[in-house]
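1. Below is the sequence, then the predicted model.
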Amino acid sequence: MTDSPTRTPQPERTRLMRQRLLEATVDCLVEFGWAGTSTTVVSQRAGVSRGAQLHHFPSKQDLVVAAVEYIAERRREELAVDAEELPEQGRTRVVLDMLAGQFTSPVFLAALELWGAARTDPDLQAKVAPFERRVGRETHARAVELLQVDQSRGRNRQLVQATLDLLRGLGLAATLTDDSRRRASILDAWAETLDRELER
């Protein structure tokens with residue numbers, strides 16, 4: 001008598017299917033943009049039936065917002081792991097590279113597509129704006145922690161926010177051309193500025 005193969009429990013199958021859908025959504029946003037990303041395209045990319053996809057995510061908006069939140073959470077987890085091994089020497093420059101990764105990643109490109117669509121779509125904007133505010137607060141708090149500063153001192157808060165604004169702008173520039181050499185030069189200079197100006 002042979003043992004029958006162990007079936008994956010339904011909750012786990014559901015979780016894996018949702019994960020495939022969310023990852024496929026981000027891939028489609030990066031590859032095809034907002035206009036080219038449809039629930040049909042996503043379900044085909046994920047290898048999931050249209051019925052199953054619509055059961056979990058009734059609209060394109062629901063699917064896209066959930067996907068960006070999911071991938072952003074994964075990026076936060078990666079950032080937390082990397083932060084445990086930061087060097088003391090040259091720490092600021094390494095932190096800038098880590099934070100810059102948040103603005104050159106696929107999730108940032110997907111978020112850009114979402115922001116562009118939300119600008120003229122009030123329903124989508126109502127879903128996206130609270131999420132973006134939360135991510136902004138979390139990213140700022142993480143930057144303060146990584147840079148090891150007390151943001152109530154001097155101009156620390158403004159300098160951290162200026163850092164994030166700078167990195168977002170560099171991320172935008174990177175969507176059109178490979179400007180990694182120029183970005184590295186700018187981050188070298190900005191790391192020196194932060195080490196000089198931040199009150200630690």
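-> Perfect, I can see it now.
2. Name the surrounding residues that touch stretch 84-96.
-> 143, 146-148, 163, 167, 187-188, 190-191, 194-195 (CB atoms under 8 Å, 6 or more residues apart in numbering). The C-beta positions use only the backbone N, C-alpha and C, and glycine is treated the same way.
3. Spatially, which residue comes closest to Trp191, not counting chain neighbours?
-> Check again: residue 191 is Ala, not Trp. Arg93 (4.0 Å; CB to CB, 6 or more residues apart in numbering).
4. hang on, the earlier thing: narrow the contacts of stretch 84-96 to just the buried residues.
-> 143, 146-147, 163, 167, 187, 190-191, 194 (16 or more other CB atoms under 10 Å).
5. Could you pull out the buried residues of stretch 163-172?
-> 163-164, 166-168, 170-171.
6. Then stretch 93-108?
-> 93-96, 98-105, 107-108.
7. ok, Met98 touching Leu79?
-> Yes - assessed by CB atoms under 8 Å, Met98 is found in contact with Leu79 at 6.2 Å.
8. hang on, the earlier thing: need the buried residues of stretch 163-172 in TSV (columns: pLDDT and distance to Pro9).
-> Shown next, in TSV, are these (pLDDT from 0 to 100; distance: CB to CB, whole Å):
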residue	pLDDT	distance to Pro9
Thr163	98	45
Leu164	97	41
Leu166	97	47
Leu167	96	42
Arg168	95	41
Leu170	95	45
Gly171	93	40
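9. Of the residues you listed, which is the nearest to Ser49?
-> Using CB to CB, Gly171 comes nearest to Ser49 of those, at 35.5 Å.
10. so what's that closest one up against?
-> With CB under 8 Å, 6+ apart, Gly171 has these contacts: 100, 102-104, 108.
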